[in-house]
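Undergrad: Got a sequence here, can you model it:
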Amino acid sequence: MSKRKQFLESVHHEHVQDFLNFIRLHKDGADPFDLAEVLPELQRSQRQELWERQLKLLQHSLTAHPPERWITGAEEDAGDMEVEISEEQKGYMCIPPVLALLTEVAQGCLSHKPEEDQEDQLSLTIRILTNIFQKVVEIIAHRLRKDKEEGQELCCSSEEALYDFLLVTKFTTERSEFITGVFSSLCAAVIIDISRTLQKISHVEEVLTPESVNDLPPLSNTILKVILRSPAVTRFFLSEMSSSIESEAIDSITQWAAVTHILTIIKQSDAFIVELKEIALSVRRQIQNYYNITAENSDNIQRTLYESTVRMLNDILNQCQQPNI
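TA: Numbering: from 1, shown residues only. Now for the predicted structure:
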């Protein structure tokens with residue numbers, strides 16, 4: 001049996017391990033199996049079969065292991081009993097393979113122009129993919145809040161799978177709803193993550209300008225490291241951030257400071273000048289509303305955050321060859 005046929009047959013809930021083995025072969029290059037070569041060579045009927053199999057596999061996986069259990073699987077109430085939980089029982093540990101599965105489904109469904117009679121099915125698939133991805137991000141954030149050490153391990157183990165998933169967006173520019181769904185989840189996650197850290201500041205001396213991604217909290221660190229590996233992915237992220245700003249979804253000085261922290265990190269790449277300038281100018285306009293609120297007490301942490309944000313915006317706009325604000 002050819003590897004192409006074996007791959008098609010592996011996309012089934014009874015052969016999940018075979019499917020994951022093919023994904024590993026594709027990634028490590030140790031065996032001559034390249035999905036980028038296999039997919040275009042499939043006949044139309046085979047592509048349709050692959051699409052339907054992937055969607056059924058995804059739906060079966062969600063039915064057997066609903067996302068809610070990814071969070072609660074290791075934390076169910078055991079009364080007064082002490083229960084030792086093995087690694088296999090921790091639902092969140094499935095995040096890396098879930099991301100790998102999402103990547104293959106997205107690539108298989110979105111890398112080719114669908115037939116007219118497939119449009120509704122594709123729209124449904126996109127909604128499923130983006131909803132699951134949002135849940136994945138929420139689960140990682142939840143694990144970091146429950147157990148920082150385990151959360152950091154989860155971030156590290158998920159990094160490559162997250163990168164592979166985001167790379168799919170480069171080939172799906174005609175499906176704006178997929179790109180928006182993915183990057184709105186990431187944008188919200190990073191802003192909330194950093195702003196929560198800033199809210200915990202108790203002394204003005206703790207208000208610092210980040211010098212690298214390593215100065216950010218773990219979730220933001222992981223997401224931005226992955227995003228910055230690809231210029232195309234970074235531009236999608238910045239575009240979604242710009243949309244979030246214009247939609248007035250950001251409504252506190254800590255969130256504006258978080259946005260500026262993100263821009264400060266991206267600024268260090270010496271790229272994306274046009275995007276950074278546009279967003280920085282928009283942030284400058286928005287934070288003027290906070291000047292009087294924070295001016296009441298010069299020792300106030302909110303005031304310090306405001307002043308720090310203005311300084312970071314100055315640095316960003318100076319690098320974009322704009323005059324000081």
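Undergrad: what residue ranges in the protein score low on pLDDT?
TA: Low-confidence segments of the chain, defined by pLDDT under 70: 1-92, 111-118, 173-174, 293-299, 322-325.
Undergrad: I'd like to know which elements the longest helix belonging to the chain is packed against.
TA: The residue-count maximum for a helix in the chain (DSSP state H) belongs to helix 119-146. Contact partners of helix 119-146 among helices and strands, from 3 or more Cβ pairs under 8 Å, 6 or more residues apart in numbering; DSSP states H and E: helix 44-64, helix 67-72, helix 95-110, helix 148-167, helix 176-199, helix 218-227. C-beta: built from backbone N, CA, C; applies to glycine.
Undergrad: quick one, which of the ones you listed is nearest to Arg127?
TA: helix 176-199 (7.9 Å; Cβ to Cβ).
Undergrad: and the closest one, which residues are buried?
TA: 178-179, 181-198 (16 or more other Cβ atoms under 10 Å).
Undergrad: And stretch 94-102, by the same measure?
TA: 94-96, 98-102.
Undergrad: What of stretch 272-287?
TA: For stretch 272-287, burial by neighbour count (16+ other Cβ under 10 Å) applies to 272, 275-281, 283-284, 286-287.
Undergrad: From those residues, pick the one nearest Lys135.
TA: Nearest member of the buried residues of stretch 272-287 to Lys135, counting by Cβ to Cβ, is Ile279, at 27.5 Å.
Undergrad: can you tell me which residues contact the closest one?
TA: 238, 241-242, 245, 259, 263 (Cβ atoms under 8 Å, 6 or more residues apart in numbering).
Undergrad: one more time with 7 Å
TA: 238, 241-242, 245, 263 (Cβ atoms under 7 Å, 6 or more residues apart in numbering).
Undergrad: now swap in Leu313 and tell me
TA: 260, 280, 283-284, 325.
Undergrad: Excluding chain neighbours, what is closest to Ala141?
TA: Using Cβ to Cβ, 6 or more residues apart in numbering and skipping the chain neighbours, the partner closest in space to Ala141 is Leu219 (5.5 Å).
Undergrad: you'd agree that neighbour is up against Ile194?
TA: No - counting by Cβ atoms under 7 Å, Leu219 stays clear of Ile194, with 9.1 Å between them.
Undergrad: so how far does stretch 198-211 reach from one end to the other?
TA: 16 Å (Cα to Cα, to the nearest Å).
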